[in-house]
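Participant: sequence and predicted structure are below.
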Amino acid sequence: MAEAKTQPTGESVAAFLDRVPDDERRADCRTLVRLMRAATGEDPVMWGTSIVGFGRYRYTYASGREGDWPIIGFAPRKNDLTLYIMPGFEPFAALMAKLGRHKTGKSCLYVKRLADVDGKVLAQLLAAAVKQMASRRVRT
């Protein structure tokens, strides 16, 4: 069975963040590192070339394909900060209603900048997502 394309790398997260061209986006990324480290108790790891991940869980698709993915993570994309919240958002409707300006995909939270959302609510969301994933967490 083929390996997932996005795997943990040995790249320095600090060096990756230093290359984020926009000052505000770079500061937001550093804030996300602090928030996600607090939520998981784990250090950040680069996954592929652009995802900063925290923790790890094992997934299995109906097809039988398996792989690992961060429990939570983020990527500084061109138009948005993309936060990966692996349980999705349905379990957290009350928090999402208080979060502030955002968009969502299945497990992706899109924000233009952290100033658009309530930081305390975001921290609660991250902690709740990590707790929801506890039974699937892989300890390394």
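Facilitator: Received the coordinates, thanks. These numbers come from a predicted model, not from an experiment.
Participant: quick one: the helices in this protein, in order.
Facilitator: For the chain, the helices defined by DSSP state H cover 13-18, 23-40, 93-99, 119-132.
Participant: with distance to L109 and mean pLDDT as extra columns, can I get those helices in JSON lines?
Facilitator: From N, CA and C alone the C-beta is placed, and that goes for glycine too. Formatted as JSON lines, the helices of the chain follow (distance: least, Cβ to Cβ, whole Å; pLDDT from 0 to 100):
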{"stretch": "helix 13-18", "distance to L109": "19", "mean pLDDT": "97"}
{"stretch": "helix 23-40", "distance to L109": "11", "mean pLDDT": "97"}
{"stretch": "helix 93-99", "distance to L109": "8", "mean pLDDT": "97"}
{"stretch": "helix 119-132", "distance to L109": "8", "mean pLDDT": "97"}
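Participant: among those helices, which is nearest A75?
Facilitator: A75 lies closest to helix 23-40 among the helices of the chain, at 9.2 Å (Cβ to Cβ).
Participant: what's the angle from the closest one to helix 119-132?
Facilitator: Relative orientation of helix 23-40 versus helix 119-132 (axes from the mean of the first three to the mean of the last three Cα atoms, to 10 degrees): 40 degrees.
Participant: ok, for the residue positioned nearest the centre of the chain, nearest residue in space, not its chain neighbours?
Facilitator: Nearest to the mean C-alpha position of the chain, by Cα atoms, centre = their mean, lies G73 at 1.8 Å. Of all residues not flanking G73 in the chain, G53 sits nearest, at 3.7 Å (Cβ to Cβ, 6 or more residues apart in numbering).
Participant: what's the spacing between stretch 130-140 and its chain's center?
Facilitator: Mean-position distance between stretch 130-140 and its chain equals 14 Å (Cα atoms, centre = their mean, to the nearest Å).
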